[in-house]
Every structure is written in structure tokens, then in C-alpha cells.
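> sequence? don't have it. structure:
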């Protein structure tokens, strides 16, 4: 609950806000492998079915009519994987798609205009939630900032000296950072302190680290 | 007799060794071959005068006046420092005899203008490294450049053989032989367990080459440095600082000492400790390791030559070749991990013929003392390691194909025949080769529609690289040594000290103090890839650690160690090491039990960390790692559980958070050799091992670009780690050759299934002594303290998560 608004952290690495029928995801990095290929690195091209499947489940099972991507939707310049994304999004003509531009989103404006996605620097919700790619400077309480960019993850130590790594949602002060939605993205390790909260994505559940 | 040699040796007042005469004769007769001789006996000259005589005998090489001079010989060494040394020695010969035979160096240090000169006006001989030869192949007109080449000499071939740099040499030779079928190849190698295999790999299958072995024997004296009392010597640890005073006493007794450590951080720590406890060493003690700048290293090497240093703390960076005459003593800190390495290091002292090499072994914990006994035994029995060559290294092949494409371009069929003639790719099929070509031409097995992949293009029957940017990037990444992103450490005045891993610097803040290059430095600021520091006197600093460099004990030293352990239960033992360790063995006996010959000790101990099962087969770390995973798998079949695994040279540990029932019959079943193969394949986390191997493979194959030297900004949006590529291949292209290579390397080099089978069979005949001590024992403590751990689990993912969840919610643990 942020500013009186129910905010659900989903294990599909997304956030759902029922009051706005709004689904938020971040750092998908579509086109990453295609970009590598273009530079002569012989990786197989990206197959987005798994990511699409994960998103489709959300779009079909939740009453969503607005999707916001918190930046880094495309890894680099336009390629075939972008075409696949557009085809996928066009299956949902009733849903509005927005993007808060990230450092990786370097596609020219004309392409955005041609696509189903409207592109902004940031989005403000009336309850005092600001959605952007990187944390914005100078926001005052009670405003919350929902961001992506760093791909947060956490490491959990268990008994018998074992460690596990998970992607996580990360809350510090009034900034909530989403995990990266895309599959081929890394993790930036966060440490649990007294003044932050870490919500790990563990399989089909979200668990808060204590 | 070689004319040039007889004049030169006469002038020097030297008498040639018989192996030198043999080599000159063999070269004169037009043979290729392998020379096996210890360092310090003039093995360079044994080959060199043969080359000179050939040059002046065959007029066509000389009567090219007016025409462009042509390259006559290349001499390949594994180290730049060694190249310089050889260059100095052989240039002196040309000067002494007033010959017009010109020799030049070509290594990573050679300036651009010199390189250009070497291309347009080649000298008669180049002294170079495998990487530089590949760089020459990656330039236009390579076939012409090497057209008149008569000799290739590969120095320290044993050193290159067991690494992928050896594959670089094999590939380069396959090309050079094709350019010039009359090419003579000579290798120089120290003694290794598989010398004739080494020769066959170098000269080619069914070769007619000769083998020349020097019969000279070098005298080596080994002494183990023992602590004053065993009680105060630690049971675990790897620094060896406890024996600092004793090492200083040794330094004082000798003229100039090399102190070998196993890692770069240990090297820094020893230097720091020596200087702070014995300030009088300032100025006559130096530090030398691979991460220091060339300037620092050259200064140290030069001072060593001139006898200005009392001691140098170093790593394997000073293992090879270069001859420091003033050095008369060597100290090895910690287990040398291999007999050959120990011998090599011992040979760094008393370099001159007929001098005795002194080496002191400084153990770092009590059990390690026993290795002193084992090393002596190994030297006495002539036990020495083999160098296992790499085969089917597709990563190197992909790099090589790019190299050829960047140079003159290559036709598919001819190159296939050439590479198939090498040992490394003898078993490659045409289909596999085509797959490699496909990866480079269309980025995978099949052409993807509407895809803009480009790397190689086929035109007029030749594969070439068209993009200048790709060609440039490739030239920068030629080589088979993969390093991490390094930060350059500089003083305020711009003086470059060396490089440190990014991950270490990222943990420091401005004002933090660390030890590097033997100096105490305060971090000022980090700018791009540069770390600016200033000297400080503030106390308390941290020492950087570098990745890699942790190797396991060789099987041969393992054999020797087992031999030593076979004697520990005997009341009267011969060697000083074993008698010194008696009280430790008594302690082990009191707390638990001391295994006799044909007995296997198993300990089950509960601590606050969980339940530890220790097993001591004395089979070496590599085999233990595999055995531990097999045992974990078998235990898991009885009762699902997760384990964390640690191992060392003597035994291994399975640590679990849950208690399980232990008895003789069950241990016997766990250690049974039946169904071993099935259990290895299904039980060991080969995937994780392969994933780690893949890091280097991706780097060599050209998937991960290391960035332009000294430039911070990597190619935009191209940053990715090898782990990501590993997962992508696993999901989208599971039969990929590079992926398979990673798994093959795990089975060949890491698991050593053959040795594991033998170990299980041997243990099957042993009596098992199961003991449940109240506390950790002298045997178990070093394993318990191992920080590097593997994990193993056969609880299904879901129930592990449940367990974890409960723990996170504070309900258990």
C-alpha cells in the first residue's frame, strides 16, 4: 500500500495497481541478442515466447487496460525482435502501452510514433506515484518513485553455508525499484540494511527478507 | 663441427656439451626435432648455431641483395621477458662474429613503427610469442611474408603444451608448414612425463624428427623449514607468515634469494610483512608479479641481474627461463602443487652448470609439512607430471579462422586439411568444421530470415572479414589468455604501477588504504578505468586479491603425498618432516583415529554449522571434488538433502543442515565402485562446472569483447557476461560446439573419471574406520576452513524454496 493505493508485487516480476488497472514492468531489453548478432557475435537470435507467455498470462488474467514499461524496453536500435514485440502487443488493441524512456531506448521518435507505444520521460499518477526509468531527483514526500534501471537482486544465505540468488523488488526511502522483466538480464546485488526492504522473487512467490 | 660455434665457443673459452654437438649435427642434416635439456646449459646456442650455419650455407638466402630480405627463422617463447633474454644472447653472437644476421623482437611491447618496419624490411630472425605470430597471420600478405621461412623454434614447449596457447602454436605451424613445406621445426622442452607425445604434437604425426636429450643432471637440495614448536603452528591457513623469521634467516645466509608464493595477493602480503618487520630490507627487497606494470617488473629483473637485490618476493611470473646469475637460493612458500613446478623453481638458483640448486620449502599449515617429505620422495624417484594437451578446442579454432579471414582470407577446403593435420583437431569432422564456418558466416546453424548478422563473407572462394571495425576488434583480442576487466593503478604524477581487478576497487572508498606493488597506497579517486592513488603511511591496509591462480595439486605430487601418509602410523619414521609431525598424528589418534595402510578414515562431526561428514582418501583435490559430489548424490538418494562441499588434497567434507544416521554398512555402500559411471553422470553438477569453463571459451572464441586497451567505454550495449551466453546457448542451441567443448573440458580436465574409478576400486578393498569425534580433528580442520565451496542438492527446487521460505520467515534456522 503506497499513498492509499494498493500496489501488488507479482512473482512474474511486475507490479499491478488495480485502482488504475495498471500493470508496470521494467527493463525487458528486447532485441539484446539481435543486437549482439548485428555486431558479429554468434549467439542464437532471441526467442521471446517465454517472455511473451509470462506477460500474456498477466494481461489475460488481470483486468489490465494500461501497461507501463519503465524504460530499457529495447536493448538497442530497432531489429527483428522489436518486430516480434510489436506483433505481440498488437494482439491487445484495447490495452494502452506506455514507456518511460530509459538509457537503452535509443530508437528514434518516428519509430515510436509508428508503434503502439507512447513514449514519455515520466508518468505521474494522481495519488502521488511517479513512474520513471531512473530515480528522479528532487521529489518530495509523500511522492513515491517507481523505477527500474539497476536490475536489483539479492543473495540469501541458508544453513550449511549455502547461497541462493534471486531477482527482487527493492524499496529504499520512497523509491521502489522493480526487477528486470527480461530473461537475459543480469542482477545487481542489494544488501539488506535497517533502512530498506527487499522482496525476493522466489519461484512463484514474493518473500520479504528480514 | 659447426664452424660458427667452434669459433665462438673458442673465443668464450667454453667447451660445447655433447648435446649441443648432437643438435648442430642434426640441424645440418636437415632434421627437425625436440631438444630436452635443463636450463643454464646453453640450450639456446644448441639450436641457434644450427640456424646460423644453415643461413650461410644456403646461398639463396643471402643472395637476395637488392631484393627484399626475407625472414629466415622465428623463435617462439611463452614469455616476453624470455624473448628479451634470448634476443640479447643471440644478438651478441651476431655482434661477436660480425655477422649480418639481424635479429629483432616482436612482442606485445613492440612499438607500432617498429612493427611496420619489420613488415616492410624483415630481419633474418624474429623472437616472438604465439600471439604475435597469429597477429602476423592476421595481416595482409602473410603468406609472402613467411614464404622463405626455414626454421621455427618453439622454446619452453612443455610450458605451452598444456594450455590453449599450445593450440595456437599447433595452428600457426600447420599454416607455416603449408606455406613452406621444407620448414624445419625445433622444440625445446624441460623434462615432462610425456616427452615423446610432446614431440609428436609439435612435429606432426609420423614425423621423422630426432630427439636430443642432455644427460646432464642438476643437483637439487631440498630442505623443509620447520617451526620451532608444532603446538603453536596453525592447523589451517595458507599464508605461512608464522615462519617469517626463519625465512629471513635463510635470506641472510645467501647472496640473493627468490621467494616464490602461489598467488599475487600472498606475494604482496609477504612483501608487506617482511618490510614491516625488517625495515632494514628497504631498497634491497622487491616484489614481482604478473599484475605489476612492465616498468616495475623490468626494474626488478634488471636489479636482480646486477645482483643489487637481497631478495624478491614473486609468483610464477619468475618461473620461466630468464637466467639471474646472482640468485643462489630459492624459497617456496606453501605447497608448490606440482613436482615439475617445484623443480623449475628450484632450478632458478645455482643457474650455472654443476652448481647445486638450493630450495627451501616453507609449509603454511601443519599438515602441509608432510609435503616436504613427499617432494623429496618424488625427486628421488623421478616422478614428474605429464602435460595434457588440449584437443578439440573449438574456441581457438573460431579465433584462428577469424585470424586467417582478417589476413589474406582462407579457402574452406585447404584450411580444413591443414587444421586436421594438427593434434588438437585430428578428430574434427567436416560437419563440425562446417558448423564453425556457419557460426562465423551466419551466426548459427542456419541462416535466419531478415537477419543482419555479419562477420565473415565468402567471395571468390575465400572467406574474409569486410568490416574494418570487426577486423580491428579481432586483432585486439587475439590470444588464449582471458583476463578480467582490469583497472590501471596510477600515482598522482601519472606513474603507472600495475592493474587490479575492478571488483576489488569497487569495494573501496576514497581514503581507503591498500597494499599494491609493495607500497601502501591511499585511494584518491577513480576515473574511468584508472585508479589514482598516493603513497601513505596510514596503518592498516587491505591486500587485493586477484581471481584465478588457484590450482589443484597434480596427480603425481598426489601419489607422492599418499606415499608419505602411508608411513605416518609407523612408530619410527625416517624423514625429519614425519618425525616432527608425530605429535599431530598422536592428537589425531586421540580425538579420532589414525588410518593405517589399507584403511579409510571417515569422521562424522556435529558443529553449529551443521553435520559434517569427512572422508580422507588422499587422492588429490580434483578427485575429491568429484567423489564428494557422487557421495552427496548417493546420500541424497537415501534421504533428500542439500550439502555444501569442501575438499583439499587429503580429503573432502559434506556439510548438511539435517542430521542423518551413519553406520559402517551405509558408508561402505556410499563408497562402492558399482554404478559409478551412472552416478557421476547424474550426480555431479557438471552444468555448473561447464558454466565456469565457458567463461574462457567465450572470451577466446570472440563472444565477449574485452574492450579496447585503456579505454573505459566499452562498445555500447555490447556488455554481457559469458554466463548469459551460456544460458542462451543452453536454451536455444543445446548442441552448440562451444557448449559441448565446455562439457568435454570438464570431463577431461576437472573430473578425471578414470582416476575416480581407480580411487573407488582401491577404497573398496580398504577397511573403513568410522569415528564420531566430539570436536574437529587435525585432519578435518583444514578442510573445514576451506572457503571455496560447491553446493549439491537433490531436494527438488520447490521443497528447497519452502525450506528457504520458512527460514526467511524466521520459523526455522
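Structure received. Here the structure is a predicted model, which means the values were calculated and not measured.
> Could you list the buried residues of stretch B:280-294?
B:281, B:285-293 (16 or more other C-beta atoms under 10 Å in any protein chain shown). For every residue, glycine as well, the C-beta is placed using N, CA and C.
> who touches that stretch?
Here stretch B:280-294 makes contact (C-beta atoms under 8 Å, 6 or more residues apart in numbering or on different chains) with B:109, B:264, B:267-268, B:271, B:274-275, B:296-297, B:299-301, B:303-304, B:308-318, B:486, B:496-500, B:517-518, B:546.
> Is the closest residue in space to residue B:581 that isn't next to it in sequence in a helix, a strand, or coil?
Spatially, and ignoring its direct neighbours in sequence, residue B:581 is nearest to residue B:369 (5.6 Å; C-beta to C-beta, 6 or more residues apart in numbering or on different chains). Recorded secondary structure, residue B:369: helix (DSSP: H, G, I helix; E, B strand; the rest coil).
> Kindly report the same for residue B:768.
Strictly by three-state DSSP, residue B:768 counts as strand.
> Likewise for the one 5 residues further on?
In terms of secondary structure, residue B:773 is coil; the call rests on three-state DSSP.
> Thought residue B:603 was touching it, still the case?
Yes. Counting by C-beta atoms under 8 Å, residue B:603 is a contact partner of residue B:773 at 6.0 Å.
> what do those two both touch?
In contact with both residue B:773 and residue B:603: residue B:592, using C-beta under 8 Å, 6+ apart.
> These two: who's more crowded?
residue B:603 (25 against 18; other C-beta atoms under 10 Å in any protein chain shown).
> give me every residue that touches the more buried one.
Residue B:603 touches B:592, B:612-614, B:770-773, B:777, B:779-780, counting by C-beta under 8 Å, 6+ apart.
> Got the phi and psi for the residue nearest to it when sequence neighbours are not counted?
Here the nearest residue to residue B:603 in space, its sequence neighbours aside, is residue B:614; by C-beta to C-beta, 6+ apart that works out to 4.2 Å. Here is the backbone geometry of residue B:614 (degrees, to the nearest 10): phi -110, psi 140.
> Verify the stated contact: residue B:614 with residue B:648.
No. If you go by C-beta under 8 Å, residue B:614 and residue B:648 don't touch, sitting 10.7 Å apart.
> quick one: low-confidence ranges for chain A?
Within chain A, the ranges that satisfy pLDDT under 70 run A:1, A:106-115, A:158-163.
> just curious, which of the buried residues of stretch B:280-294 is nearest to chain A?
Checking the buried residues of stretch B:280-294 against chain A with C-beta to the nearest C-beta, the nearest one is residue B:291 at 25.2 Å.
> re the thing from before, overlap in contacts, residue B:614 and residue B:648.
residue B:783.
> Check the gap between the residue most central in space within chain A and residue A:12 for me.
The geometric centre of chain A, computed from its C-alpha atoms, lies nearest to residue A:26 (C-alpha atoms, centre = their mean), at 1.5 Å. Distance of residue A:26 to residue A:12, computed by C-beta to C-beta, to the nearest Å: 12 Å.
> Between these two, which contacts overlap?
With C-beta under 8 Å, 6+ apart as the test, residue A:26 and residue A:12 both reach residue A:181.
> Would you reformat the buried residues of stretch B:280-294 as a markdown table and include pLDDT and secondary structure?
Converted to a markdown table, the buried residues of stretch B:280-294 look like this (pLDDT from 0 to 100; DSSP: H, G, I helix; E, B strand; the rest coil):
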| residue | pLDDT | secondary structure |
| --- | --- | --- |
| B:281 | 92 | helix |
| B:285 | 94 | strand |
| B:286 | 93 | strand |
| B:287 | 92 | strand |
| B:288 | 91 | strand |
| B:289 | 87 | coil |
| B:290 | 80 | coil |
| B:291 | 83 | coil |
| B:292 | 86 | strand |
| B:293 | 85 | coil |
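> what sits up against stretch B:257-266?
B:238-239, B:247, B:250-251, B:267, B:270, B:289-291, B:310-316, B:318-319, B:324, B:327-337, B:345, B:348-349, B:543-546, B:549-550.
> which bits of chain A sit near chain B?
Counting by C-beta under 8 Å from any C-beta of the partner chain, chain A comes close to chain B at A:32-45, A:47, A:75-76, A:79-80, A:104, A:156, A:158-164, A:184, A:186, A:200, A:202-203, A:205, A:207-210.
> I'd like to know which of the contacts of residue B:603 are buried.
By 16+ other C-beta under 10 Å, the contacts of residue B:603 give B:592, B:612-614, B:770, B:773, B:777, B:779-780 as buried.
> that older thread, against residue B:454, how distant is the residue nearest to residue B:603?
Note on residue B:614: its distance to residue B:454, by C-beta to C-beta, is 56 Å.
> Also residue B:273?
Residue B:273 is 55 Å from residue B:454, by C-beta to C-beta.
> Kindly report the same for residue B:606.
61 Å.
> repeat for residue B:190
45 Å.
> Same drill for those two, tell me which one is more crowded.
Taking neighbours as other C-beta under 10 Å, residue B:190 and residue B:454 compare with residue B:190 leading, 22 against 18.
> Phi and psi next, for the spatially closest residue to that one that is not a sequence neighbour.
In this structure, residue B:190 finds its nearest non-sequential neighbour in residue B:158, 5.1 Å apart by C-beta to C-beta, 6+ apart. Here is the backbone geometry of residue B:158 (degrees, to the nearest 10): phi -60, psi -30.
> Lovely, talk soon.
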